[in-house]
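Engineer: Sequence first, predicted model second:
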Amino acid sequence: MSVERVLWEHDATGLASLVRKGEIAPQELVDAAIARAEATRPDINAIAEPLYEAARTRAKTIDRKLPLAGVPFALKDLGIAMKGVPTHGGSRIPAFVADFDSVMTERHLAAGLVPIATSTSPEHGLRLMTESAAFGITRNPWNTAHTSGGSSGGAAALVAAGVVPVAHASDGGGSIRVPAACTGLVGLKTSRGRVPLSPLVTESWYGLVVDHAVARSVRDSALLLDLTHGPDPLSPYAARPPRGTFAAAAVRDPGKLKLAVYRKSPLGLPISAETLTALDTAVALAREGGHTIEEIDLPYIGRDFIADFARTVAAAVAGAMRIEVLRVGRSVSGDVERATRLMSRFGEIVSAGEIYAGLQRLHATSRRLITETAPYDAVLMPVIAHPPLACGAMDPKGADAFIEDVLDRLRLARLLKFKPLFGQLMDKSLWFTHWPAIQNVSGQPSIALPVHVTDAGLPLGIQAAGRPGDEETLLSFAAQMEKISGWQARRAPLRMPA
């Protein structure tokens, strides 16, 4: 069997085992990953910065006893630093080149992972499709006419294409779970404070953003979390310590769980029949696992909640643009995309008092959500309202493009203070994915599970949201679902190795 085939077939845990046993060399794995990265690059366009020579050098001296020794890996081109590597954030703003490693990068390297590239992101992670003026369109390995999701769409495309078995990802409003749901992967959004973002930042988007990974298997997600979690002195949050290891949780029988199902759209927008079928598939798998299921409603999670979330993100983007101006030493307005520019301008005119009040409303709703769902071990709900969209489907067109252009050219972002116009643009931005922001606000963990394949052959995952700090129950449940469904054996058909 070729090394490329081994890379394509195995998850990270399996590859590391082969390295430890001496059945394959780290250099062979890294060379195979680089070759596959280049072979699939024209198809999926998922690489921001190749790190090939540094990866080959690292592979030669890696300690083969490390838990993930020699396993090829990718870092997201957003929100994480690796010394000497340009970070673009999916933007045409001049790249930031760090002279330090993020704590997460240090932990990735200490685990034995070998970064071969940085993966593409939409500009500043603001779209849930990975398409940018700086890097173009990142495509889904299952069908390259469709999106791999966002904002960790490059990471998901590389994993789904068999270039790397696991990749760093981040999630501020679904950016791990949406790509996982689009590409047939496991995507765990961790509890707030589970992994540090320091020293690049102490928190991002008022604590909404967390980092972890997209992976082929539940056990990979669990093992990587074991190797990267834990507080850092510069972190403002710390999640509840696990009772044991996450890897142990992923092989443990979950027992009989009490689960809830939430089917409604918080935005009141249409949900496709395929999405509801995927949710029904997850419910059927859970029942097969012996769990009880109860339908619930969350009437207080609605349009006002999502609007407060959106205004909070706009304020964070405005602040980020100010920081970029200071870093670059000039205006960056002409470097960024129209939608980013418009969001930043809106964020500038939302008052500090409005943002504070909105955050307090979000926190109050989160407390109610956590309290009322505490009797359940997990709540099943959709991630994406429709199967993976065609590339370019979220681009403003017709009247929408005209309105956005007028707001930008005439600097009329203040008109977004009017609730009907703001609501219209919010719906256009979020009609693909209505639910994931809930857990970014509440800080709860949530895991995207690849339970369904559409009639057109596209993956469509759902999510299970857990109690704060309880990734262990989610991983145990997810591993059982993986075993019952057999989804780990599925692979995207793109350039299958001989």
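Structural biologist: Yep, it's here. Numbering: from 1, shown residues only.
Engineer: To which secondary structure element type does the nearest residue in space to Leu234 that is not next to it in sequence belong?
Structural biologist: Distance criterion C-beta to C-beta, 6 or more residues apart in numbering; nearest residue to Leu234, sequence neighbours excluded, is Ser198 at 3.8 Å. In short, each C-beta sits where N, CA and C put it, glycine included. Counting by DSSP: H, G, I helix; E, B strand; the rest coil, the backbone at Ser198 sits in coil.
Engineer: Could you pull up the residues touching Ser198?
Structural biologist: Ser198 is in contact with Ser102, Val103, Asp232, Leu234, Ser235, counting by C-beta atoms under 8 Å, 6 or more residues apart in numbering.
Engineer: part of a strand, is the third one?
Structural biologist: So that's Asp232. No. Assessed with three-state DSSP, Asp232 is coil; it does not lie in a strand.
Engineer: from what I can see it touches Val103, true?
Structural biologist: Yes. Contact criterion C-beta atoms under 8 Å: Asp232 and Val103 qualify, at 5.1 Å.
Engineer: Overlap in contacts, these two.
Structural biologist: Between them, Asp232 and Val103 share these contacting residues under C-beta under 8 Å, 6+ apart: Pro196, Ser198.
Engineer: quick one: which of those two has more around it?
Structural biologist: Of the pair Asp232 and Val103, Val103 is the one with more neighbours under other C-beta atoms under 10 Å, namely 24 against 19.
Engineer: how near is that one to Gly79?
Structural biologist: Val103 sits 12 Å away from Gly79, taking C-beta to C-beta, to the nearest Å as the criterion.
Engineer: Repeat that for Val218.
Structural biologist: 24 Å.
Engineer: Looking at these two, which one has more neighbours?
Structural biologist: Val218 (30 against 26).
Engineer: dump the residue contacts of the more buried one.
Structural biologist: Val218 touches Val186, Ala250, Leu475, Ala478, Ala479, Glu482, counting by C-beta under 8 Å, 6+ apart.
Engineer: Return the per-residue confidence for the third one.
Structural biologist: Think Leu475. At Leu475, the model reports a pLDDT of 98.
Engineer: Return the residues in contact with it.
Structural biologist: Leu475 makes contact with Leu188, Val218, Ser221, Ala222, Phe246, Ala249, Ala250, Ile447, according to C-beta under 8 Å, 6+ apart.
Engineer: Then the fourth one?
Structural biologist: Residues touching Ala478, when contacts are defined by C-beta under 8 Å, 6+ apart, comprise Val186, Val218, Ala250, Ile447, Leu449, Ala464.
Engineer: With the last one instead?
Structural biologist: If you count contacts by C-beta under 8 Å, 6+ apart, Glu482 has them with Val186, Ser217, Val218, Leu449, Gln488.
Engineer: overlap in contacts of Val103 and Gly79?
Structural biologist: Leu197.
Engineer: Run through the helices of the stretch 1-150 of the chain in chain order.
Structural biologist: 3-9, 12-20, 26-44, 52-61, 103-110 (DSSP state H, counting those that start in this stretch).
Engineer: Let's have those helices in TSV, adding distance to Leu416 and mean pLDDT.
Structural biologist: Formatted as TSV, those follow (distance: least, C-beta to C-beta, whole Å; pLDDT from 0 to 100):
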stretch	distance to Leu416	mean pLDDT
helix 3-9	46	97
helix 12-20	44	98
helix 26-44	35	98
helix 52-61	44	98
helix 103-110	34	98
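Engineer: Tell me which of those helices sits nearest to Lys397.
Structural biologist: Smallest distance to Lys397 across the helices of the stretch 1-150 of the chain (C-beta to C-beta): 24.5 Å, for helix 26-44.
Engineer: Got phi/psi on the nearest residue to Thr105 once chain neighbours are set aside?
Structural biologist: Nearest-residue entry for Thr105: Met82, 5.0 Å, with adjacent residues in sequence omitted and distances by C-beta to C-beta, 6+ apart. Reported as degrees, to the nearest 10, the phi and psi values for Met82 are phi -130, psi 130.
Engineer: per-residue confidence for Met1?
Structural biologist: Note on Met1: pLDDT of 86.
Engineer: just Glu294 next, same as before
Structural biologist: With respect to pLDDT, Glu294 scores 98.
Engineer: Give me the phi and psi for the nearest residue to it once chain neighbours are set aside.
Structural biologist: Nearest non-adjacent residue to Glu294, counting by C-beta to C-beta, 6+ apart: Ala260, 5.2 Å away. Phi and psi for Ala260, reported as degrees, to the nearest 10, are phi -120, psi 160.
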